[in-house]
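Enquirer: predicted structure and sequence below. I'll ask about it afterward.
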Amino acid sequence: SSGGAYPNIPLSSPLPGVPKPVFATVDGQEKFETKVTTLDNGLRVASQNKFGQFCTVGILINSGSRYEAKYLSGIAHFLEKLAFSSTARFDSKDEILLTLEKHGGICDCQTSRDTTMYAVSADSKGLDTVVGLLADVVLQPRLTDEEVEMTRMTVQFELEDLNLRPDPEPLLTEMIHEAAYRENTVGLHRFCPTENIAKINREVLHSYLRNYYTPDRMVLAGVGVEHEHLVDCARKYLLGIQPAWGSAEAVDIDRSVAQYTGGIAKRERDMSNVSLGPTPIPELTHIMVGLESCSFLEEDFIPFAVLNMMMGGGGSFSAGGPGKGMFSRLYLNVLNRHHWMYNATSYHHSYEDTGLLCIHASADPRQVREMVEIITKEFILMSGTVDAVELERAKTQLTSMLMMNLESRPVIFEDVGRQVLATRSRKLPHELCTLIRNVKPEDVKRVASKMLRGKPAVAALGDLTDLPTYEHIQTALSSKDGRLPRTYRLFR
Amino acid sequence: QAATQVVLNVPETRVTCLESGLRVASEDSGLSTCTVGLWIDAGSRYENEKNNGTAHFLEHMAFKGTKKRSQLDLELEIENMGAHLNAYTSREQTVYYAKAFSKDLPRAVEILADIIQNSTLGEAEIERERGVILREMQEVETNLQEVVFDYLHATAYQNTALGRTILGPTENIKSISRKDLVDYITTHYKGPRIVLAAAGGVSHDELLDLAKFHFGDSLCTHKGEIPALPPCKFTGSEIRVRDDKMPLAHLAIAVEAVGWAHPDTICLMVANTLIGNWDRSFGGGMNLSSKLAQLTCHGNLCHSFQSFNTSYTDTGLWGLYMVCEPSTVADMLHVVQKEWMRLCTSVTESEVARARNLLKTNMLLQLDGSTPICEDIGRQMLCYNRRIPIPELEARIDAVNAETIREVCTKYIYNRSPAIAAVGPIEQLPDFKQICSNMCWLRD
């Protein structure tokens, strides 16, 4: 055939004429060392070495929905969707992608309540190009009318999908933050409200960027790179650069500390037909109950993380074998005993100035009251006796989860970047493992008792006819046994 | 001739074959955690109408206790180690694997050996597991993509083993007996069909000693020949499940492609990358490397699409899965088929170059962490009986150009009768003859 250059050799046989690979060898355990350098403009450069031909490099910024109090809510959401669009040097997103593809690279932007992260994974040989591209993407976006218009559509689709999704977790998380930090910092909406979609434009974005996209609020982090090389690239592309929004001084930075208020966020919704196909999904009501924990900068953060692991839980029907926390309390005390419950899962959200430990549960709408009481009882039990075996298990599982997550390069990148952004240094994995190992039963008891003295935050979604009042949930959580006050109704 | 050596910053995959035929393959990256597992050349393809679902049922029974450990002992042991135990069954493979601290590698191998050689398969546990599998079946049925792919296999490989589902029909799940399970093990779980693979912090020599000790010769004591691969013929055909109450139409269309190791498989993978995938939350721009994404996005023709290339030993399905509004089904399918015809006749060198780069990127970036690497080792050992070195994989991809794409795509797509599965409000879907006639180049 004329396409004859193509080798007609099955994949089970080696292709002749291919250069012989010379492999690397490990000598002992991989060394973890994070190096940090601060440039003259305040931007921090952090790096971590790692095996492999690829690197993950990116810029993390102290920016997100928590800083939007004086702005239109939704700016950070827009910026996430606009990331890697045209810049001063690149005429289109397509040009950016093509440049990256030449180095076997992909890009991604993610924004959370407090951090925005622009990241690229590519062949380590392309480091210079990658850092130059990242600098341009972050500091010189064109934000053309056409791109903003496209983004409006994307944001709209995302909001629709959020409401269509059978998995209510993202929506409940948004709601419980709204309830816990009423109208401030991490309680502000992470997703752009529909009414703001049309209002956000280039001018609005620039006024925000001028205040928050400043070098002192940024970290350039790299995994699988040489530190000196990364610092050289940072000097070349991120020092003395005039951003697209001009170099006027940042004037209006929100430095508010999170104010935990507690409270309730309810959304009545018909969940009787959330299935997208012919097979019905049972109608469920979802609740999330939370209490303020602590910031990830405090020492109590580690006992809280252990407590969260000890509570564990998950879906009443979930795939996979042993190892998913089958002996955690929400399985043993809740899902294994109350087969009518569909889900009971513990989550721990933490920020630089606050944290939230919460439990998500779901069941048939007629059993909401019973379900809430089961959860409030579990909260009260947190400050009770901690069994030595269950604590050991939770600590081992937290350590293994940490180390297994850190097998992956993008996860290491995020860990390095976030820690250096928050504290200017990084606690290394083995240091964290030691801290976890040192947690005692009385530490867990102490943090749980402290947490229970606060006001609850509650989110509820679905048919809420039988939802107990906020006051009753609060009473249950400040009682000895977690029981809801009894209600007498004549006509039932 | 180019350079005769190339230096890589990745560890070597070491492979050793034991006397029992068991192959041991591992890659040591010195991490403090690891993944180790058994990849077995057996899945639902080796079942018949009567026992369809046995391989999957067996996977469920693996964690239900052995002669040495009760189910509770096993669960407690794994959870207290901070380890994970997992298993899955596909049409051609059954996999059991563990993730653990590297220091616990010996225990992880011992547990894996125990569960596949000494499972109790207790009658009470079998009865209980029927309910669990039936519930899993309900879960699968709420996932429309899985439903459509099962229909696609049912029509494409009608009356053959690949046409059946992995879970098996309800009546089989209710009737599979202990004997069926034991027969399946003794027929299929044999040394030469099993790979012990590991990645992360694992020493090959230690793994080898563990394998010799725990698998000994029990894997070659099962008598009888290794059964021949049941032939599975592809039939161009369709299944339509119309339901106008559903909001969106879910469709898959595919032609017959090639098996894992076939020389044309790399070329079809490049073609598959070139067609690409898209989701409306990507926004207008993302995935500009896919012309189909641009066309569907501008015409607002679908919510999402995904090109696929599913391979089996001696056959495969190359096609596209899409989710559309009822009113755009016909236009979407038209655009898809036109794009396929363009692949066969006039695809350009620059598009192919881009798809080559993307394919390499996707394949290489995926190898991050011990579990994806271990999966890659296990799967490649079963499919190719070796792990293809990265430079060779790159050389094979680089050898694909626009001419090879046109030639290979013409061979497998042009004027071929496709298999189609469609679920939902699909009134607009053209009749089968019409769809077949659009598998040829028509000017419009």
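Expert: Sure thing, it's come through.
Enquirer: which secondary element of chain B has the worst mean pLDDT?
Expert: Across the helices and strands of chain B, the lowest-confidence element by mean pLDDT, DSSP states H and E is strand B:5-11, at a mean of 82.
Enquirer: next, count neighbours for the nearest residue to residue B:69 once chain neighbours are set aside.
Expert: Take residue B:69 and drop its neighbours on the chain: the residue closest to it by Cβ to Cβ, 6 or more residues apart in numbering or on different chains is residue B:114, 6.7 Å away. Yep, even glycine has a C-beta here, placed from its N, CA and C like the rest. Per other Cβ atoms under 10 Å in any protein chain shown, the neighbour tally for residue B:114 reads 18.
Enquirer: which residues are in contact with the helix or strand where residue B:114 lies?
Expert: Using DSSP states H and E, residue B:114 sits within helix B:105-117. Helix B:105-117 is contacted from outside by B:34, B:36-38, B:40, B:62-63, B:66, B:68-69, B:74, B:77-78, B:81, B:83, B:85, B:96-98, B:100, B:185, B:189, B:196, B:198, B:201-202, B:206-207, B:210-211, B:214-215, B:218-219, using Cβ atoms under 8 Å, 6 or more residues apart in numbering or on different chains.
Enquirer: now do the helix or strand hosting residue B:352, average pLDDT.
Expert: Here residue B:352 sits within helix B:349-365, counting by DSSP H and E. Computed over helix B:349-365, the mean pLDDT rounds to 94.
Enquirer: that one packs against which elements?
Expert: helix A:93-102, helix B:265-275, helix B:390-398, helix B:402-412 (3 or more Cβ pairs under 8 Å, 6 or more residues apart in numbering or on different chains; DSSP states H and E).
Enquirer: nearest to residue B:17 among the ones you listed would be which one?
Expert: Nearest to residue B:17, of all the helices and strands packed on helix B:349-365, is helix B:390-398, at 20.8 Å by Cβ to Cβ.
Enquirer: which stretches in the stretch 351-492 of chain A count as strands?
Expert: For the stretch 351-492 of chain A, applying DSSP state E, counting those that start in this stretch gives strands covering A:355-363, A:457-462.
Enquirer: before we move on, the earlier item: take the helices and strands packed on helix B:349-365 and write them to a markdown table, including mean neighbour count, mean pLDDT and distance to residue B:310.
Expert: As requested, the helices and strands packed on helix B:349-365 are exported to a markdown table (neighbours: other Cβ atoms under 10 Å in any protein chain shown; pLDDT from 0 to 100; distance: least, Cβ to Cβ, whole Å):
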| stretch | mean neighbour count | mean pLDDT | distance to residue B:310 |
| --- | --- | --- | --- |
| helix A:93-102 | 19 | 92 | 25 |
| helix B:265-275 | 24 | 97 | 10 |
| helix B:390-398 | 18 | 94 | 19 |
| helix B:402-412 | 20 | 97 | 13 |
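Enquirer: make CSV out of those helices and add distance to residue A:130.
Expert: Formatted as CSV, those follow (distance: least, Cβ to Cβ, whole Å):
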stretch, distance to residue A:130
helix A:93-102, 8
helix B:265-275, 22
helix B:390-398, 20
helix B:402-412, 29
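Enquirer: nearest to residue B:350, out of these?
Expert: Residue B:350 lies closest, by Cβ to Cβ, to one member of those: helix B:402-412, at 8.7 Å.
Enquirer: beyond the closest one, next helix or strand please.
Expert: Sequence order places strand B:419-424 as the next helix or strand after helix B:402-412, per DSSP H and E.
Enquirer: phi, psi of the closest residue to residue B:49 other than its chain neighbours?
Expert: Nearest residue to residue B:49, sequence neighbours excluded (Cβ to Cβ, 6+ apart): residue B:164, at 7.5 Å. Per-residue torsions, residue B:164: phi -80, psi 160 (degrees, to the nearest 10).
Enquirer: pretty sure residue B:164 is touching residue B:44, no?
Expert: Yes. Residue B:164 is within contact range of residue B:44, at 6.0 Å (criterion: Cβ atoms under 8 Å).
Enquirer: what about the residue in the stretch 51-200 of chain A that chain B sits nearest to, how many residues nearby?
Expert: At 3.7 Å from chain B, residue A:154 is the closest residue in the stretch 51-200 of chain A, using Cβ to the nearest Cβ. Residue A:154: 21 surrounding residues under other Cβ under 10 Å.
Enquirer: and the stretch 301-444 of chain B, which of its residues are near chain A?
Expert: Residues of the stretch 301-444 of chain B lying close to chain A (Cβ under 8 Å from any Cβ of the partner chain) are B:354, B:357-358, B:360-361, B:364-365, B:368-371, B:383-386, B:388-392, B:395-396, B:399-401, B:403-404, B:406-408, B:423-424.
Enquirer: which helix is the longest one in the chain?
Expert: Chain wasn't specified; assuming chain A. helix A:145-164 (DSSP state H).
Enquirer: um, chain B though
Expert: In chain B, assigned by DSSP H, the helix with the most residues is helix B:123-142.
Enquirer: buried set for that one?
Expert: By neighbour count with 16 or more other Cβ atoms under 10 Å in any protein chain shown, helix B:123-142 contains the buried residues B:125, B:126, B:129, B:130, B:133, B:136, B:137, B:141, B:142.
Enquirer: ok, now which ones touch the first one?
Expert: Taking Cβ under 8 Å, 6+ apart as the definition of contact, the neighbours of residue B:125 are B:61, B:64, B:65, B:71.
Enquirer: most neighbours among the residues you listed, which one?
Expert: Neighbour counts for the contacts of residue B:125 peak at residue B:65, which has 22 neighbours (criterion: other Cβ under 10 Å).
Enquirer: including mean neighbour count, could the strands of the stretch 351-492 of chain A go into JSON lines?
Expert: Compiled in JSON lines, the strands of the stretch 351-492 of chain A are given as follows (neighbours: other Cβ atoms under 10 Å in any protein chain shown):
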{"stretch": "strand A:355-363", "mean neighbour count": "25"}
{"stretch": "strand A:457-462", "mean neighbour count": "26"}
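Enquirer: so which of these gets nearest residue B:171?
Expert: Between these, strand A:355-363 lies closest to residue B:171; by Cβ to Cβ that is 31.8 Å.
Enquirer: what lines up beside that closest one in the sheet?
Expert: Taking DSSP bridges as the criterion, strand A:355-363 forms sheet pairs with strand A:285-292 (antiparallel), strand A:343-350 (antiparallel).
Enquirer: I'd like to know which of these lies nearest to residue A:47.
Expert: strand A:343-350 (24.7 Å).
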